[in-house]
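# what's the 3D shape of this:
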Amino acid sequence: MKYDFDTVIDRTKNFAAKYDELGKKFGRDDLIPLWVADMDFKVAQPITKAIQERASQEIFGYTSRPDSYFQAIEQWLKRRHGWTTDTKLMIHCPGVVPFLSLMIQNFTQLGDKVIIQSPVYYPFFDVVKSNGRTVVENPLKLTNGHYEMDYDNLEEVAKNGAKLLILCSPHNPVGRVWKKEELIRLGNICLTHGIRVIADEIHADLVFSGHKHTPFAMISEEFRKKTFTCLAPSKTFNLAGLQASITIFPNLEDLGKFDQVLGDLDIRRNNCFSVVATEAAYRYGEEWLDQVKEYIEGNFAFIQEYCKKNIPHIHPNYPEGTYLVWIDCRELGMNKDELHSFMINEARIAMDDGFWFGDAYAGYMRLNAACPRSIITEALHRWKNALEKK
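Numbers count the residues shown, from 1 in each chain. Sure, this is the predicted structure:
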């Protein structure tokens with residue numbers, strides 16, 4: 001079927017954090033919300049149907065998880081990425097960030113070093129620091145407008161006893177889809193220094209023209225034995241509110257240890273809707289996904305064209321993956337506080353500030369392009385008009 005992504009959906013009664021939390025986060029609620037990374041699109045019809053059929057049963061008790069749940073994920077990974085996985089090594093968790101926190105708590109010690117590649121999804125900083133571990137940054141290099149891994153720096157920081165590296169692949173916020181050879185070079189450094197890898201591949205299915213996602217653990221058996229792969233239908237199919245993610249463990253011993261942690265917290269089970277929605281997404285959501293990716297890529301092209309013509313002093317990237325646009329605003333000549341205030345109080349747009357992703361990235365903004373083009377058009381008009389007045 002043909003899906004409609006142009007219609008603006010009223011989310012004011014949707015209990016949408018992106019809208020309802022504007023006042024708390026930005027101090028006013030009359031902003032265009034392009035910050036929280038969920039989509040302003042209706043989900044695929046088979047997902048809605050599966051949830052409606054489950055709701056019609058009118059009993060919402062403790063929920064078991066059928067074998068077909070993990071089988072659907074296994075088949076999706078093989079079909080979309082050529083990756084043959086073992087369902088016995090998969091486990092459910094309420095979300096990727098809870099998984100990261102629990103992994104750091106239970107697979108490292110207080111004070112241990114964890115490597116992250118900034119600018120990067122800011123909860124990575126939070127889960128390391130809040131659990132009493134040490135953040136070690138391996139900043140990406142910006143070369144001719146293109147972010148690359150800094151392997152020389154990685155070699156240096158890897159020598160100093162880090163226990164984990166959190167790999168963001170595809171990368172949020174810079175939108176890189178790492179090439180296989182890039183991942184091999186990173187993986188070899190980690191193997192040499194005994195560093196285990198948590199591969200956050202939550203955006204793996206949001207990869208655009210000319211690019212291909214390579215699951216890190218698929219590259220070699222040596223890499224697989226050292227890798228915990230995080231996946232979820234939340235970004236791909238706009239299901240973040242159902243709180244379901246999947247991790248593929250390297251062995252049954254590590255999986256069993258983590259399963260005991262989930263049991264101690266009594267969070268082993270899915271909620272009743274995430275079970276059916278996840279399976280429906282991975283079995284029947286492909287048609288919707290292919291269409292939404294085409295639409296989002298059209299948004300990328302529109303943003304590029306609009307800014308070149310109307311706001312030439314800001315420079316949005318063209319993401320290889322994710323639906324998040326990383327915008328270089330440094331030519332505007334504002335410090336981080338000035339840019340933050342300008343976007344909220346003059347342009348009246350809510351976006352993620354660059355410094356949230358690392359102290360060195362003041363002067364950047366992150367824009368969520370997974371919304372109707374008319375919303376992006378209005379936001380860019382506001383930005384243009386505010387700059388003209390200034």
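
# can you tell me the average pLDDT over stretch 203-215?
Averaged over stretch 203-215, pLDDT sits at 98.

# ok, residues contacting that stretch?
Contact partners of stretch 203-215, identified using C-beta atoms under 8 Å, 6 or more residues apart in numbering, comprise 77, 80-81, 83, 169-170, 172, 177-180, 183, 199, 201, 229, 231, 235-236, 289, 293, 296-297, 300, 319-323. Any C-beta I mention is one placed from the backbone N, CA and C, and that applies to glycine too.

# same check on stretch 353-367?
34-35, 118-122, 125, 137, 139, 173, 303, 316, 324-330, 332, 334-336, 339-340, 343, 351-352, 376, 379.

# sorry, back to before: just the ones in helices from the contacts of stretch 203-215, please.
L77, R80, H81, K180, L183, K235, T236, L289, K293, I296, E297, F300 (DSSP state H).

# list phi and psi for T227.
The phi and psi values for T227, taken as degrees, to the nearest 10, are phi -120, psi 140.

# quick check: beta-bridge partners of it?
V197 (DSSP bridges).

# got the contact list for it?
Contacts of T227 by C-beta under 8 Å, 6+ apart are R196, V197, I198, A199, F216, A217, P250.

# quick one, what contacts the residue lying closest to I248 once chain neighbours are set aside?
Counting by C-beta to C-beta, 6 or more residues apart in numbering, T229 is the residue found nearest to I248 once chain neighbours are left out, at 4.3 Å. Shown in contact with T229 (C-beta under 8 Å, 6+ apart): A199, E201, P215, F216, A217, T247, I248.

# so T229 versus T85, what's the distance?
9 Å (C-beta to C-beta, to the nearest Å).

# then E221?
Counting by C-beta to C-beta, the gap from E221 to T85 is 13 Å.

# next one: K212
18 Å.

# between these two, tell me which one has more neighbours.
Taking other C-beta atoms under 10 Å, K212 and T85 do not tie; T85 has more neighbours (23 against 12).

# could you look up the SS state of the more buried one?
With DSSP: H, G, I helix; E, B strand; the rest coil as the basis, T85 sits in coil.

# so how far is N106 from it?
23 Å.

# ditto for D259
Separation of D259 from N106 (C-beta to C-beta) stands at 11 Å.

# then F273?
Remark: distance between F273 and N106 (C-beta to C-beta) = 28 Å.

# more neighbours, these two?
Per other C-beta under 10 Å, whichever of F273 and N106 has more neighbours is F273, with 20 against 13.

# isn't that one right up against I51?
Yes: the pair F273 and I51 passes the contact test of C-beta atoms under 8 Å, sitting 5.3 Å apart.

# any residues in contact with both of T229 and T85?
Here T229 and T85 share the contacting residues I248, scored by C-beta under 8 Å, 6+ apart.

# against A17, how distant is M39?
13 Å.

# scratch that, C329
From C329 to A17 the distance is 25 Å (C-beta to C-beta).

# between the two, who's got more neighbours?
Using other C-beta under 10 Å as the criterion, C329 and A17 rank with C329 on top: 23 against 17.

# that one and S341, how far apart?
13 Å.

# walk me through the domains of the chain.
Using automatic domain parsing, the domain ranges for the chain come out as 17-43+287-389, 61-284.
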